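K.L.:
coords please:
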Amino acid sequence: MKIQISPHFVKELRIKTGAGMMDCKKALQSADGNMDMALETLRKKGLASADKKSTRLATEGIIDSYIHIGSRIGVLIELNCETDFVARRIEFQKLAKNLAMQIAACQSVFYVSANDIPEDIINNEIRIESEKEDIINKPLEIKDQITKARVDKRLKEMSLMDQSFIKDQNILIKDLIKEHISLLGENIRVRRFQRFLLGQKIDSN
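P.N.:
Have a look, this model is predicted:
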């Protein structure tokens, strides 16, 4: 016998995942009312759906900004979607604001994703890591493995998509965006951003 699920629970799960009401109800029933288990099940389905939408053209959207307390750090971000309708949705606009705040908080982030990092930057990171004293005398195969692991870690530090969300450390930015793709039903992508630091690149003379 299937357990009775509160409509409030169904609605809460729908808001979190963007899945249909019946799908949410079935997931909760299968999980015996366990919200976390049901969320995990629907998130997997939702993320798979989001992956398909992520190849679609996104040329609408908004340019948003965030100015940190003290007005010493500011961020401009362009967040794209497929239609002006979605661009006006409060969920989309809140996502843009959260991403701008994320960029302001992550001073080592300079690129949208690791795929956007120029080859000369990557090669320079490889050179630096491969010449570090703690691995310089190790066998070549081990040295290459350590270098690759360290470079991969460094590239992720520079990539917005690979950051843990400042408001929920259990989710990466790329998965936060996928959740919104599932919720709003359109492809969403960060096209570009710019961070401004007060006094940056100003000649003191």
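
K.L.:
which residues of this structure fall in strands?
P.N.:
For the chain, the strands defined by DSSP state E cover 60-67, 73-81, 164-165, 168-172, 189-197.

K.L.:
Please name the strands paired to the first one in the sheet, noting orientation.
P.N.:
According to DSSP bridges, strand 60-67 forms sheet pairs with strand 73-81 (antiparallel).

K.L.:
Pull out the buried positions in stretch 31-41.
P.N.:
Across stretch 31-41, burial judged by 16 or more other CB atoms under 10 Å covers 31, 38, 39, 41. Glycine gets a C-beta too; all of them are placed from N, C-alpha and C.

K.L.:
likewise stretch 61-77?
P.N.:
Buried residues in stretch 61-77 (16+ other CB under 10 Å): 61, 62, 64, 66, 73, 74, 75, 77.

K.L.:
Spit out the contact partners of the residue most central in space within the chain.
P.N.:
By CA atoms, centre = their mean, the chain has its centre lying nearest to residue 173, at 1.6 Å. Listed by CB atoms under 8 Å, 6 or more residues apart in numbering, the contact set of residue 173 reads 99, 102, 160, 161, 162, 163, 164, 165.

K.L.:
Would you mind giving those residues as CSV with distance to residue 128 added?
P.N.:
What follows is those, written out as CSV (distance: CB to CB, whole Å):
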residue, distance to residue 128
99, 29
102, 26
160, 22
161, 23
162, 19
163, 22
164, 25
165, 29
